[in-house]
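Visitor: sequence and predicted model, in that order:
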2 protein chains.
Amino acid sequence: MGASGGALPFWGPDQELEFHLFEVNDLGGMLSVGAAPGHDRESVTAVIGVARKLCEDVFAPLAPKMDAEEPRMLEGGEAWLPEGVAEALGAFRDAGFFAAPFPEQAGGLDLPYLAHSAASALFQGANGGLMGYPFLTIAAANMQLALGTEDQQRRYMAPMIEGRFFGTMCLSEPQAGSSLADIRTKAEPLGDGTYRITGSKMWISGGEQPLSENIIHHVLAKIPGSPPGVKGISMFITPKFRVGEDGALGARNDVRLAGVNHKMGNRGTINTLLSFGDEGACVGELLGEENKGLAGMFLMMNEARIGVGLGAAALAYSGYAASLAYARERLQGRPIDGRDPTSPMIPIIEHPDVRRMLLRQKAYAEGALGLCLLCAGLVDAQRLSKDDADEAQRLHLLLEILTPIAKAWSSETGLAANAEAIQVLGGYGYTRDYPVERLYRDNRLNPIHEGANGIQALDLLGRKAVMADGAALMALHREIQETLSEAEGSTACAPFVKPLSDALGRVGAALSALGPRMAAGEAGAALSNATPFLELASRTVFGWVWLRQGLAAERAAAQGRVSAAYAKGKLQACRYWMAWELPQTAYLTEHLIAGERSWAEMDEAWF
Amino acid sequence: MGASGGALPFWGPDQELEFHLFEVNDLGGMLSVGAAPGHDRESVTAVIGVARKLCEDVFAPLAPKMDAEEPRMLEGGEAWLPEGVAEALGAFRDAGFFAAPFPEQAGGLDLPYLAHSAASALFQGANGGLMGYPFLTIAAANMQLALGTEDQQRRYMAPMIEGRFFGTMCLSEPQAGSSLADIRTKAEPLGDGTYRITGSKMWISGGEQPLSENIIHHVLAKIPGSPPGVKGISMFITPKFRVGEDGALGARNDVRLAGVNHKMGNRGTINTLLSFGDEGACVGELLGEENKGLAGMFLMMNEARIGVGLGAAALAYSGYAASLAYARERLQGRPIDGRDPTSPMIPIIEHPDVRRMLLRQKAYAEGALGLCLLCAGLVDAQRLSKDDADEAQRLHLLLEILTPIAKAWSSETGLAANAEAIQVLGGYGYTRDYPVERLYRDNRLNPIHEGANGIQALDLLGRKAVMADGAALMALHREIQETLSEAEGSTACAPFVKPLSDALGRVGAALSALGPRMAAGEAGAALSNATPFLELASRTVFGWVWLRQGLAAERAAAQGRVSAAYAKGKLQACRYWMAWELPQTAYLTEHLIAGERSWAEMDEAWF
């Protein structure tokens, strides 16, 4: 037991991210057709290298401390965070990571979104709590880039891209967690184009902190007289300090820290309860159109959802790397077929059941990483296709249907991977002397926030699968079919065609049964099985993601760009997925078609 | 958010435990034929009532404090525990719960083991960390009852039954966690029948504490010249304070606290590193025969394993109860088929996906509770059958084969249930203002300790399933067949016959394929899939446990002993298990028969 407090043996072979960027997602091809002016493979690789160094030197070492020394509220309503956090974010800013993913004309560095996401995965895996601040700030600035006026972009967005102001998203309220239709925060026009904001917001990450010059809250609220429910929600830029025409900070706005949540994990990101307008003096500016606040916020939310999936994948990867390192070094026991007690002990990685736990983690972590980076690549591809409306729409639909899966299934498998990492370490894994218990606590948040996974399931089946007459699912189906066709000609991957093709057929069969029921006004009955449908679709999509990796690995190894051992590992994880994670699609589909109703018919009084 | 620090809305309908005792496991019948002299249904019910009261008044309120104020090592090597722990255990002792399960001639109260286990489940669910001390002490005293000399029983066992001394089990060492063949602790004969003990022991729960007059360690060690490996292990009673002929405490023995582990959960039970004989003055007494220490320790270990399963079930039940109470009260959203935003919000229990999470928890918690209490009932039945060697052997074999399943699958499902409890509460569930995150942290220990679940899988497939020419599995098969025959004549349960019968057939088919391979010297290959076999057998056994509950509920409702609603809930959970938790047995069996080797063939260099 060291006094390290669970510092991380930092993750992953260097080649893992490069593999996803350049072998699986063809970032090289995108760069060659102008996806990111001023960038080439070398510059992207250099950025990843800088991120890795910052993770090793700053992010990872700070993670145990940020877990042990929880944020708190001081007398007077200020927030306390441990020493070193501001400096770490300063180093992140100085290295250009706030500005990286933005276009040059907005003050950014034009890094492809895919490369930005790969760097983010490193930061998330090293210290997810610390990365929470830039993660939200970048997503908020992106939303302002889409919705803000020139004036708003100059006063609020630009300082976020510079990393001087941080951003938040303020949706939930104490009485309305997942149910945004019921928010009560009020925005009354003051006659000068601004609004008086009054209300309470809950679960606000980074809602108060001593780290940035200003905090820009993006607040969902209702203008008096607006329609009931989600159709009457608008969004307001509500800064902690007012910002003058010249960008200078003005008076303190009437936003107050009302409480700090004490969480099981992810403690590095302060999570707050905020009061707006207790003294009637909280001023906000409309962002986007009146009553279109929810649609606007979804620009940020969709980015955040993929980011949550990516964070879950990164934590899973960190746990995989930590338990792999442990399993290579820890000596215990002997081979089952040669139990001579006088023979030397073997590293536990030689025990088949330990290899099972490691392979499962690899399949989950790299599968989730693969899916979330695929989504990031779609963002770049969309930008490249902006002059081809059909293609842009197709990519948009793909991203829409993959987002709930990337968020929900990455967080489910990511958490399961972290549980296995603990199990590999045994009792040691349960102590705070090793990082894996912290990763597990941190990752337990991801199935909850940015839309609980049950909400993702409703989004997938109730909206995405049926949107545009099923065009999103159709686009996904075609993509998977293309990968399957390619695999038919592959030596190593041909055996994976049938299991994945069967699973894909099942998704179609399930939706053929559910679609008409939803259209026929039986949405409630059909959607009661939204979670099994999410599981069916997710297992299938992860199978596709793994087949893509298998094919890319086979190709790259044949051409000498990755080692044979690396490719073998990818192919073995692919085999694992097809054998152990796809067969469940069969009974799920049967139940979805039959409309199994165990819980739908469970009366409240029977519990 | 209250200042409660996560106090528990205390669990369960009163009828749940009575149902398991008197409807499912026929404790009434056992009592009527003399299972527990001096006890009848009324007295047993009264004992459960006392336990519940003690849980409500003392155990449950202390749990958040014991989590927040972690045990630590003081200068001088003493251990610190928070205020209130000693008093709580005093109340437990005064109510007779240390003595309860022991025979009258040993100073006990002759409570049936099944009733003792039901009370233990209450204590475990209310405060698992606190219950750790009596749990180990009772198991240690039970082992001494089987193995100790009259003198040892008088000096060591009797004070444990009185709750004045506490017991520990000392197996693991820093270099040997799961691999007991490699322990190095030495026991040298001193010529007077005692031994000098030297060595380090790790992961010792209750290894040092300021709670009891004395601590009786049960230490595995090797006598010089004994055979290598597990065949050379003996067990030694090694007290903290020596105990004179008259039972009076003597000098401090040379056992020292060397460190305290800082755990993710289960913090109420101090977990220690102990040094024996640093000054050459640690004296122990042989318990049982030389070189038979491991077999002896397994008396305690088997009880502990079922106890771990029961504790996991109890924590799962506590989370289920807490999330059920929350779901009934928390208003949010509207029915999917009637989303008028001006209509009132509904309790979240009305959302199908929340009912799914609750029903899953119910199926896991009450399934695990059912299996572990069934095991406890077998202990009573064995005692009743002591004059019928064949029946006693049959019951012994049943208990042997069910033990790894009760330990491993209860801890897997128990933890999964606690994860769902958090999900029902959403963000609130992730905070320390509610008890569910603590239950989840506590329960993460159970798949690890008393033999990690991978070890349980090896035990099940490598030993239990093939022991006595497969007689244990055969005995289990017959038991399940009997329940299936009964179900064929039931209105409510007949639909469950086919799915369970199919699953049972699969267990047989898998073993028919694996058994010959193990016999043919391919044990390593066969056992590399021990965990999938454990999953196959566990899903099937839980199906059986649920069918037993379904039949008992149907019968008891027909005869007016439980409410119709209660029985409907049991039948619905039974239906859920058959529909959603049994189908996985199909692909597991296919892979076991085919000898799928994804991880077996995963080279270390490919990770």
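Guide: Looks like it arrived, so ask away. In this text the structure is predicted, and so the values were computed from the model without any measurement.

Visitor: could you use CA atoms for every contact and neighbour count after this?
Guide: OK.

Visitor: pLDDT on the one helix or strand A:Ala392 maps to, on average?
Guide: Secondary-structure element containing A:Ala392, defined by DSSP states H and E: helix A:389-425. Averaging the model's pLDDT scores along helix A:389-425 yields 97.

Visitor: residues in contact with the residue lying farthest from the centre of chain A?
Guide: Counting by CA atoms, centre = their mean, the extreme residue of chain A relative to its mean C-alpha position is A:Thr342, 49.2 Å from that point. In this structure, A:Thr342 makes contact with B:228-229, judged by CA atoms under 8 Å, 6 or more residues apart in numbering or on different chains.

Visitor: and what about it, helix, strand or coil?
Guide: Of the three states, A:Thr342 takes coil according to DSSP: H, G, I helix; E, B strand; the rest coil.

Visitor: quick one: it and B:Leu171, what's the gap?
Guide: 19 Å (CA to CA, to the nearest Å).

Visitor: likewise for A:Leu415?
Guide: In this structure, A:Leu415 and B:Leu171 are separated by 31 Å, where distance is defined by CA to CA.

Visitor: and the two? which has more neighbours close in?
Guide: Regarding A:Leu415 and B:Leu171, a neighbour count based on other CA atoms under 10 Å in any protein chain shown identifies A:Leu415 as having more, with 29 against 25.

Visitor: just give the nearest non-adjacent residue to the more buried one, would you?
Guide: Counting by CA to CA, 6 or more residues apart in numbering or on different chains, A:Leu415 lies nearest to A:Asn443, which is 5.7 Å off, once chain neighbours are set aside.

Visitor: how about the residue in the stretch 101-250 of chain A that chain B sits nearest to, nearest residue that isn't a chain neighbour?
Guide: The minimum distance from the stretch 101-250 of chain A to chain B, using CA to the nearest CA, falls at A:Gly229 (4.9 Å). In this structure, A:Gly229 finds its nearest non-sequential neighbour in A:Ala181, 4.1 Å apart by CA to CA, 6+ apart.

Visitor: contacts only, for that neighbour.
Guide: Counting by CA under 8 Å, 6+ apart, A:Ala181 makes contact with A:228-230, B:333, B:341.

Visitor: can I take it that A:Leu273 is in a helix?
Guide: No: following the definition three-state DSSP, A:Leu273 is strand and is not counted among the residues of a helix.

Visitor: isn't it up against A:Val255?
Guide: No: proximity of A:Leu273 to A:Val255 does not meet the contact threshold set by CA atoms under 8 Å, at 10.6 Å.

Visitor: for A:Val507, give its distance to chain B.
Guide: As defined by CA to the nearest CA, to the nearest Å, A:Val507 lies at a distance of 18 Å from chain B.

Visitor: which SS class is that residue?
Guide: Taken by three-state DSSP, the conformation at A:Val507 corresponds to helix.

Visitor: do stretch A:257-269 and chain B meet at all?
Guide: Yes: remark: stretch A:257-269 sits within contact range of chain B at A:261-265, by CA under 8 Å from any CA of the partner chain.

Visitor: from the chain's centroid, how far away is that stretch?
Guide: Relative to its chain's centre, stretch A:257-269 lies at 19 Å (CA atoms, centre = their mean, to the nearest Å).

Visitor: ends of that stretch, what's the gap?
Guide: Between the opening and closing residues of stretch A:257-269 we find a distance of 15 Å, counting by CA to CA.

Visitor: one more: stretch A:334-342?
Guide: Stretch A:334-342 has an end-to-end distance of 10 Å (CA to CA).

Visitor: residues of that stretch that come out buried?
Guide: By neighbour count with 16 or more other CA atoms under 10 Å in any protein chain shown, stretch A:334-342 contains the buried residues A:334, A:336, A:341.

Visitor: residues in contact with the first one?
Guide: Spelled out, it's A:Arg334. For A:Arg334, the residues meeting the contact criterion (CA under 8 Å, 6+ apart) are A:340-341, A:343-346.

Visitor: for A:His20, same thing?
Guide: Residues near A:His20 by CA under 8 Å, 6+ apart: A:370, A:373.
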